[in-house]
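> Have a look at this prediction, sequence included:
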Amino acid sequence: MAATIYLHWTATGYDWIRPGHYHSIVSGDGRVHRLHSYSADLSAHTWQRNSNAVALSCSCMGGIPDPWTQPPTPHQLESLCAETAAVAKSWGWSPEDINITTVMTHAEAASNRDERSMHDNYGPVIWGGTGERWDLLQLQRHGPSDGGEQLRKGIQALMRGEPSAGFTTTVDRPKPLLFRGYTTIKARGDDLSVQIDENGVSWALAADLLARYDIPYVWDTSLQRLLVGALDVAPTYRVDAIQADVGWEVFEMSLQTSNAPVILTGIMRPTNDRPAQTARAWCRLVEFAEEFGVSIAYNPVVLGERRGG
């Protein structure tokens, strides 16, 4: 089956973020939590449709007994469309490529609305199904049963350069995070060049950090990610992961395992302030240390050895 993006809800509260089911989950505040590399096949998101597919989900609809007490928020729907548009663009798709055969809600997939995988209909009752799955059939209580079409229109709008998918008021385009300049810290006893952003956060080249700690890696140019060969790392899926509003193109650092869990996300930017220079992968220094078990001291910042590494 051709590459497809499937859109879901988790049937949980707004803060439910768990790896294993979906590649990314959008929490109630609209933050996108990237959990698995988009190149990995996950086995449990859309029945008989898990291969060559990306699953994005909103954590919502967990109200008991009434799921609509926790509906998808406008910020979630806006971010869901934005993340889908970003994936689609990375695959070379145009707005015209967004249709029911390429981007589907779980409600539509469960009911075989694309007629590509004629399994038992476990979708909405109004489409002749059992009602087991009806994700994003409606986007609000008593709303029309065209949630998939509304989302696809929003995705197309963002891909055409419009400022909003239509679920929130006009969204200002993020301004790139500013950097003040370079400094040097000690890492494993030797100097390491870092940059300080406008908020006082230290960043370093991901390749420099991985090399300093003898962690093997491969840069995947086609998917703009770092594949890391470290079997002793357990991602924490931190809630403050880098978001698109950082204003720079984002890359992911993933483990080289079958489901490719994402360790962290960082940004692509030149090694200095000259835009023409080739962008390189940068990550937050403290986040790297925490994810890879590197001891860290402050005032001044010093990176020590990896615990168990």
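Right, received. Where do you want to start?
> So which other helices or strands are in contact with the biggest helix by length in the chain?
Identified as the longest helix of the chain according to DSSP state H is helix 74-90. On a contact count with 3 or more C-beta pairs under 8 Å, 6 or more residues apart in numbering; DSSP states H and E, helix 74-90 meets strand 4-9, strand 24-26, strand 32-34, strand 53-58, helix 147-159. Bear in mind the C-beta positions are built from the backbone N, C-alpha and C, glycine included.
> can you list these in a markdown table and add distance to Thr46, mean pLDDT and mean neighbour count?
Listed next are the helices and strands packed on helix 74-90 as a markdown table, based on distance: least, C-beta to C-beta, whole Å; pLDDT from 0 to 100; neighbours: other C-beta atoms under 10 Å:
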| stretch | distance to Thr46 | mean pLDDT | mean neighbour count |
| --- | --- | --- | --- |
| strand 4-9 | 5 | 96 | 25 |
| strand 24-26 | 14 | 96 | 26 |
| strand 32-34 | 18 | 93 | 22 |
| strand 53-58 | 6 | 96 | 25 |
| helix 147-159 | 13 | 97 | 21 |
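> now the ones you listed as CSV including distance to Glu249?
Listed next are the helices and strands packed on helix 74-90 as CSV, based on distance: least, C-beta to C-beta, whole Å:
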stretch, distance to Glu249
strand 4-9, 19
strand 24-26, 16
strand 32-34, 14
strand 53-58, 18
helix 147-159, 15
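> right, and the helix or strand after the longest helix of the chain?
Moving toward the C-terminus from helix 74-90, the next helix or strand (DSSP states H and E) is strand 103-105.
> Tell me which strands that next one pairs with, and in which orientation.
strand 4-9 (parallel) (DSSP bridges).
> I'd like to know how far Ala230 sits from Val294.
12 Å (C-beta to C-beta, to the nearest Å).
> er, Gln76 I mean
Applying C-beta to C-beta, the value for Gln76 to Val294 is 34 Å.
> One more: Leu56?
Applying C-beta to C-beta to Leu56 and Val294 gives a distance of 31 Å.
> Repeat that for Tyr6.
Counting by C-beta to C-beta - Tyr6 and Val294 are separated by 37 Å.
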